[in-house]
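> One predicted model, sequence on top.
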Amino acid sequence: MEKTKSPKLITLWKKLCQRLQERLPGRRVFFIYTHRNGFDRFSYGLKANTELSYWGYTALRKAFPRVTFLRLEGEKEERIQAIQPQDVVIGHIGETFKRAAQRTRRLITFNPWSGHEDRNQNKFNCLPLEEEMAFYRMAASLIFLSSEYNKMRYVDNPDNYWHTALRKLNKPVRVVHQPIDLTFFPRVKTTYTTSDFLYVGNDAHMKCLADAKKLVASLERKLTLYGTGEKRLYNLNMGQVIELPDQADFFIQPGMWEAQCVSILEAAARGFIPVVSPETGYPYDHPFLLRYGDFEYNQKVLKELLNTSPEERKALADALHSQLVDDVNHNNWKQLTDVLVEEVQCLNC
């Protein structure tokens, strides 16, 4: 009987082959992101950053013979020292990117981005403006992982600071949008009778979770939370996922700003109706969108929403879900990773 190799042995063999390739002479590509999960997609669960690390690294490995992954921070010095002037570095700005910039000038930034001025107040995992701009001045080109709203509001708007600042850099700036893998976010919600609300994510101030709680309480409805305390949602645990439809009809987030709106897209893929502000980056219009910071308006909108019938809610949810299913910018990782490969190819000439 033919013996089959175990998955662990196959993964180990792939890692060894990759390490050998990394040591071959010639130009190399160094990819900087958060999780070293290129050979085991779900080793850290199914999250926004693990997916970005996996799909980015996998696409670059397919396109180029020598690709090395570097952690966003805390990377070993010997791995940084391996970078040579002819090598290309692409990835998330931060500690490792700054150290890599001392080794090569072939640099491409790739990170979540919003142009909202609150980002640079150092309140939530963001850099002060001058430090952020210093990274962009180092780079040969910039790739922003952002929303259509952010592109329109900040990058393409001549009256906005970022429009002028980016033009002054005189280098390519490309905006890519957050995709999700619909294979792992199947629709589970098809009936709409709870009249309750759902939120998945952290309680960072720009999410405006306090406003969401106040709104839902004013309507005497229930808000189910995941991610803000001990209660977590594990996307690979379908036993947990299939319980979600009984908990809510709507996903709520009256946010101030957002770069990626991952949780909103995931909830929309599962069939929940996103009741969110445009600033969150949710890409599809509908009559029940909220306004950031406008409690009275938002309360009025939600009252109107709660007066809809289950059939009307289903029709809206069906239409919004169809838009996501048809939108390659938000359901096809190749749309994003092709841009990474193209920009590296430009520096690899």
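Ah, there it is.

> And the protein, what are its domain boundaries?
As recorded under automatic domain parsing, the domains making up the chain are 23-179+332-347, 182-329.

> want to throw the ones you listed into a markdown table with mean pLDDT?
What follows is the domains of the chain, written out as a markdown table (pLDDT from 0 to 100):
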| stretch | mean pLDDT |
| --- | --- |
| domain 23-179+332-347 | 93 |
| domain 182-329 | 97 |
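
> Quick one: those domains as JSON lines, columns for mean neighbour count too.
Quick note: C-beta positions are derived from backbone N, CA and C, even for glycine. Compiled in JSON lines, these are given as follows (neighbours: other CB atoms under 10 Å):
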{"stretch": "domain 23-179+332-347", "mean neighbour count": "18"}
{"stretch": "domain 182-329", "mean neighbour count": "18"}
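
> What residues does residue 41 make contact with?
With contacts taken as CB atoms under 8 Å, 6 or more residues apart in numbering, residue 41 has the following neighbours: 50-51, 54.

> Name the nearest of the residues you listed relative to residue 194.
residue 51 (28.9 Å; CB to CB).

> Quick check: closest non-adjacent residue to the residue positioned nearest the centre of the chain.
Geometric centre of the chain, nearest residue: residue 260, 4.3 Å, by CA atoms, centre = their mean. For residue 260, the nearest residue in space outside its immediate sequence neighbours is residue 178; the separation is 4.2 Å by CB to CB, 6 or more residues apart in numbering.

> didn't residue 190 look like it was pressed against residue 314?
Yes - taking contacts as CB atoms under 8 Å, residue 190 lies within contact range of residue 314: 7.0 Å.

> The stretch 101-250 of the chain: strands as residue ranges?
In the stretch 101-250 of the chain, the segments counted as strands under DSSP state E, counting those that start in this stretch are 107-112, 141-145, 173-176, 197-200, 223-226, 250-253.

> Report all helices and strands that the fourth one contacts.
Yep, that's strand 197-200 we're talking about. Under the contact criterion of 3 or more CB pairs under 8 Å, 6 or more residues apart in numbering; DSSP states H and E, the helices and strands touching strand 197-200 comprise helix 209-218, strand 223-226, strand 250-253, helix 262-269.

> So what touches it?
By CB under 8 Å, 6+ apart, the residues outside strand 197-200 that reach it are 209, 212, 216, 221-228, 233, 244, 247-253, 263, 266-267, 272, 275.
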